[in-house]
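Chemist: got a sequence here, can you model it:
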Amino acid sequence: MLERRIVALRPVVKEIVVVAGAPSVEAPRLAPYGGPDRVVADEPGITGPLAGLLAGLRATRTPWAFATACDMPFFEAGLYARLFAERAGQDAVVPAVDGWYEPLFAFYHIRCREAVMAATRDGGVKMASFFPAVRARFVSAVTLRAHDPELRSFLNVNTAEELERVRLMLEDAESRPEPPRAPS
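Modeler: Reported below is the predicted structural model:
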């Protein structure tokens, strides 16, 4: 799934930074897929997704980072573009669906680094623990569905059953013919 995510992101981002527990193992394995620009380790002394976010924000060479998880097999470029367009005047752009945040399909400015560090010092472990300390725009499900009607971009795989369901979804999508293209 990480390979799939790299292939999907390569056309729309300037750099790909993969945050991994064992960076030296991941980099060579990913090279055939256009590989990441860099593989870095989780932030030491911090646990959970905040460690990965902080390491990614420290490693990026751009002012904005798109944070996503490797266990999310679907990527809608239109949804990515919509969130990207919402960045003006913000520190974070995060999808919000039915009262839940989707912080691993979201944009974060490097200004968030200090707020993430402060949240971890205060015992925060959830991604949303630093949101009150930054200017965050939460994008509603109505807006999100205009670009990803089934919100598949937020589907993640945690079990063998979920993986099998995703495989069937991918097979179904690949078996459907492409819609006709308008003449150019």
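
Chemist: please identify the buried residues of the top helix by length along the chain?
Modeler: Identified as the longest helix of the chain according to DSSP state H is helix 160-175. With burial defined by 16 or more other Cβ atoms under 10 Å, the residues of helix 160-175 counted as buried are residue 166. Placement of C-beta: from N, CA and C, glycine included.

Chemist: okay, it in PDB with CA atoms only?
Modeler: Written as PDB, here are the backbone C-alpha positions of helix 160-175 (Å, rounded to 0.1, in the frame of the first residue of the first chain):
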ATOM      1  CA  ALA A 160      -6.900  -9.100   7.000                       C
ATOM      2  CA  GLU A 161     -10.700  -8.800   6.400                       C
ATOM      3  CA  GLU A 162     -10.400  -5.100   5.500                       C
ATOM      4  CA  LEU A 163      -7.400  -5.800   3.200                       C
ATOM      5  CA  GLU A 164      -9.500  -8.400   1.300                       C
ATOM      6  CA  ARG A 165     -12.400  -6.000   1.000                       C
ATOM      7  CA  VAL A 166     -10.000  -3.400  -0.500                       C
ATOM      8  CA  ARG A 167      -8.600  -5.900  -2.900                       C
ATOM      9  CA  LEU A 168     -12.100  -6.700  -4.100                       C
ATOM     10  CA  MET A 169     -12.800  -2.900  -4.500                       C
ATOM     11  CA  LEU A 170      -9.600  -2.500  -6.500                       C
ATOM     12  CA  GLU A 171     -10.400  -5.400  -8.700                       C
ATOM     13  CA  ASP A 172     -13.900  -4.100  -9.300                       C
ATOM     14  CA  ALA A 173     -12.500  -0.600 -10.200                       C
ATOM     15  CA  GLU A 174      -9.900  -2.100 -12.600                       C
ATOM     16  CA  SER A 175     -12.500  -4.200 -14.400                       C
END
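
Chemist: chain center to it, what's the gap?
Modeler: In terms of Cα atoms, centre = their mean, to the nearest Å, the centre of helix 160-175 is found 20 Å from the chain centre.

Chemist: tell me the mean pLDDT over that helix?
Modeler: Mean pLDDT, computed over helix 160-175, is 81.

Chemist: who's in contact with the residue positioned nearest the centre of the chain?
Modeler: The geometric centre of the chain, computed from its C-alpha atoms, lies nearest to residue 68 (Cα atoms, centre = their mean), at 1.5 Å. The neighbours of residue 68, taking Cβ atoms under 8 Å, 6 or more residues apart in numbering as the test, are 5, 9, 75, 104, 105.

Chemist: pretty sure residue 8 sits against residue 75.
Modeler: Yes: taking contacts as Cβ atoms under 8 Å, residue 8 lies within contact range of residue 75: 3.9 Å.

Chemist: pLDDT on stretch 110-130, on average?
Modeler: Averaged across stretch 110-130, pLDDT comes to 94.
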